[in-house]
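Peer 1: Test case, fold it:
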Amino acid sequence: MFRLLSRFCWISALLIFTACGTSATEELVSARPTANAAPAAAAPTVVQDAPPTEPTIVPTAAPTDVPTPSPEPARAAVVVQSGFGQDGQALGFGVVIDNPNLAAALEDVSVQVVAYGAGDVVLGADDSTLPMVAPAVQTYFGGDLYLDVDQPVERIEVQITGGGTPQRATPDELPPFLVEAATFRETDFSQHVSAVIRNPFTVPLTDLYVGIVLFDEADQVIGGGFTFLPFLLPEGATPFDSSVKSNGVPTRVEVSPLVSNLTRFAQRSAEDLPELTLVEQGWGVDRQIGYGIVVENPDQTLALESSQYLVAAYAEDGRVIAVDSGYFGLILPGERTANGGVIYLSSDSVAPARVEAQIFPGRTTEIEGKQAFSFTNATFLPGQFGAKVTAQISNPYGEPVQNVSINAILRNADGAIIGGGSSFSERIPANGTAAMEVTVAVGGDVAAVELFAAESSITRFGE
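Peer 2: So this is what the prediction gives:
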């Protein structure tokens, strides 16, 4: 997936950034916090005039040509270390990449990973492009491969097939993303790494690539993986939870957040973000976590589309144990709406101590003729193997519609949100109604059910 995504987005981003004459390095350097900017030059020292003296006549020597030294050319990225972990046909690899330049970032570094089996048979390969590798640091690049056959991988071979285009930048100009509470955990069926990423820049970022590399007690790479962080608010912090593959329990976890080609698409200044208000949030847990997020679009003229949310569950000691994320549907002008959801926990998961939501506003859009969907007979139905909410949804339009986003939030007698869930509608006839249900998770006794519907990117009108 990453390989295909990287190739497609690299071409698109290259066209965009060639046209506007900028680069990821230049954008981030310009967005670093002012605290990291170079100090202002000191005021010039005032020197009192010395008494005049008779000039000394020095014979003019023949001019000597002194060659100006040429600047040292930038060096290409190099592979320092690599390794892998395997689980059947799934391979998680980790690569340590060094940018040896003290004052140059390297853009569009191409990396090829090839997995070999017995007899040097090629079992799989990955070709990826890293849009930017910061100067004078080691970058931890992780990924995964799904092999065509279930055979043991004996070794991987990693090559830098394109060493990168240098862009002037120093470590002070490109401060690193901070990684906090990086944790490896193993459940009955999977391995995970979670952490919190802090944004050192004054711009919002989306779709940040997160590379993960795992080491054993001998400091050898034994696995890896990757994920994409949906968004980072300016100088904010966002958690993630990613599956990885590892040959054993690592003693060291390294994480490198990197801009991706998708990050280049979405970058904009903090002032360009429209307003979206987080009104309320809450959660409850039984076997699973059910949550609800209530937001409001304060703009009375423009709607909001493609707004995002992220919900994270934390253990008592602050470790991230689960993350869920997604998109709000179309939020009409002045509308208050909500998203609900379920975070699934394994049977041996740590109990959550807190669950917190973040939101990221999308784009404003003009709308005409949009109407709100409505519900009747909303009912909460507890069940031995899972609870659900049922209702009738009404279509206000004169044509059938399907795949409307439906969200449920559940409240206790005090009005607090104690659960939630989401689903999509089946076909709703023109100016008609249809039955619907939403699977929910809830912790506690339900006193009230609220349902919300919105058009989404997959909503379809007509026959």
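Peer 1: Which element, helix or strand, includes L262?
Peer 2: Using DSSP states H and E, L262 maps to helix 261-266.
Peer 1: Name the next helix or strand downstream of that helix, please.
Peer 2: Sequence-wise, the next helix or strand downstream of helix 261-266 (DSSP H and E) is strand 277-285.
Peer 1: what pLDDT, on average, does that following strand get?
Peer 2: In this model, strand 277-285 has a mean pLDDT of 97.
Peer 1: V193 - that's part of a strand, no?
Peer 2: Yes. With DSSP: H, G, I helix; E, B strand; the rest coil as the criterion, V193 is assigned to a strand.
Peer 1: What residues are bridge-paired with it?
Peer 2: Beta-bridge partners recorded for V193 (DSSP bridges): F184, S242.
Peer 1: Begin at 671, not 1, for the rest of this chat.
Peer 2: Right, with 671 as the first residue, what we last looked at is V863.
Peer 1: Wait, it touches I882, no?
Peer 2: Yes. V863 lies in contact with I882 (CB atoms under 8 Å); the separation is 5.0 Å. Every C-beta, even on glycine, is put in place using the N, C-alpha and C of the backbone.
Peer 1: any shared contact partners between the two?
Peer 2: By CB atoms under 8 Å, 6 or more residues apart in numbering, V863 and I882 have these common neighbours: 895, 912, 914, 923, 925.
Peer 1: The last one and F811: what is the separation?
Peer 2: Spelled out, it's V925. Separation of V925 from F811 (CB to CB, to the nearest Å) stands at 11 Å.
Peer 1: More neighbours: which of these two?
Peer 2: Counted by other CB atoms under 10 Å, V925 and F811 do not tie: F811 has more neighbours, with 27 against 23.
Peer 1: Now do the contacts for that one.
Peer 2: F811 makes contact with 764-767, 781, 798, 800, 881, 883, 894, 926, according to CB under 8 Å, 6+ apart.
Peer 1: Show me which of these is closest to G832.
Peer 2: Of all those, V781 has the smallest distance to G832: 8.4 Å, by CB to CB.
Peer 1: Now that closest one: closest residue in space, sequence neighbours ignored.
Peer 2: Computed as CB to CB, 6 or more residues apart in numbering, the closest residue to V781 that is not its neighbour in sequence is S798, at 5.3 Å.
Peer 1: So for stretch 818-831, first residue to last residue, what's the gap.
Peer 2: Stretch 818-831 has an end-to-end distance of 24 Å (criterion: CA to CA, to the nearest Å).
Peer 1: which residues sit against it?
Peer 2: When contacts are defined by CB under 8 Å, 6+ apart, stretch 818-831 is touched by residues 746-749, 752-754, 756, 758-759, 761, 763, 765, 767, 779-788, 791, 793-794, 797, 817.
Peer 1: returning to that earlier point: closest to L848 out of the shared contacts of V863 and I882?
Peer 2: Nearest to L848 among the shared contacts of V863 and I882: V925, at 10.2 Å, using CB to CB.
Peer 1: contact partners of the helix or strand containing V923?
Peer 2: In this structure, V923 sits in strand 922-928 according to DSSP H and E. Applying CB under 8 Å, 6+ apart, the contact partners of strand 922-928 are 766, 800-803, 809-811, 847, 849, 852-854, 863, 865, 867, 878-885, 889, 899.
Peer 1: What about the residues you listed, which are in strands?
Peer 2: Among the contacts of strand 922-928, the ones falling in strands (DSSP state E) are 766, 800-803, 809-811, 849, 852-854, 863, 865, 867, 878-885, 899.
Peer 1: Just put the contacts of F811 in a markdown table and tack on distance to E824 and pLDDT.
Peer 2: Below are those laid out as a markdown table (distance: CB to CB, whole Å; pLDDT from 0 to 100):
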| residue | distance to E824 | pLDDT |
| --- | --- | --- |
| G764 | 17 | 97 |
| V765 | 17 | 97 |
| V766 | 20 | 97 |
| I767 | 23 | 96 |
| V781 | 20 | 96 |
| S798 | 22 | 93 |
| L800 | 26 | 92 |
| G881 | 24 | 97 |
| V883 | 20 | 98 |
| G894 | 17 | 97 |
| S926 | 27 | 96 |
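Peer 1: Can you tell me which of those comes closest to S693?
Peer 2: Among these, L800 lies closest to S693 (CB to CB), at 13.6 Å.
Peer 1: Which parts of this structure are helices?
Peer 2: Remark: helices assigned in the chain by DSSP state H are 672-690, 694-700, 931-936.
Peer 1: just to revisit the earlier point, are any of the ones in strands among the contacts of strand 922-928 buried, and which?
Peer 2: Neighbour-count burial (16 or more other CB atoms under 10 Å) applied to the ones in strands among the contacts of strand 922-928 gives 766, 800-803, 809-811, 849, 852-854, 863, 865, 867, 878-885, 899.
Peer 1: so the strand holding V923 versus strand 861-868, what angle?
Peer 2: Calculated by axes from the mean of the first three to the mean of the last three CA atoms, to 10 degrees, strand 922-928 forms an angle of 50 degrees with strand 861-868.
Peer 1: Strand 922-928 pairs with which strands, parallel or anti?
Peer 2: Taking DSSP bridges as the criterion, strand 922-928 sits next to strand 875-885 (antiparallel) in its sheet.
Peer 1: got the end-to-end distance for stretch 830-848?
Peer 2: End residues of stretch 830-848 are separated by 26 Å (CA to CA).
Peer 1: any idea how far it is from the chain center?
Peer 2: Relative to its chain's centre, stretch 830-848 lies at 20 Å (CA atoms, centre = their mean, to the nearest Å).
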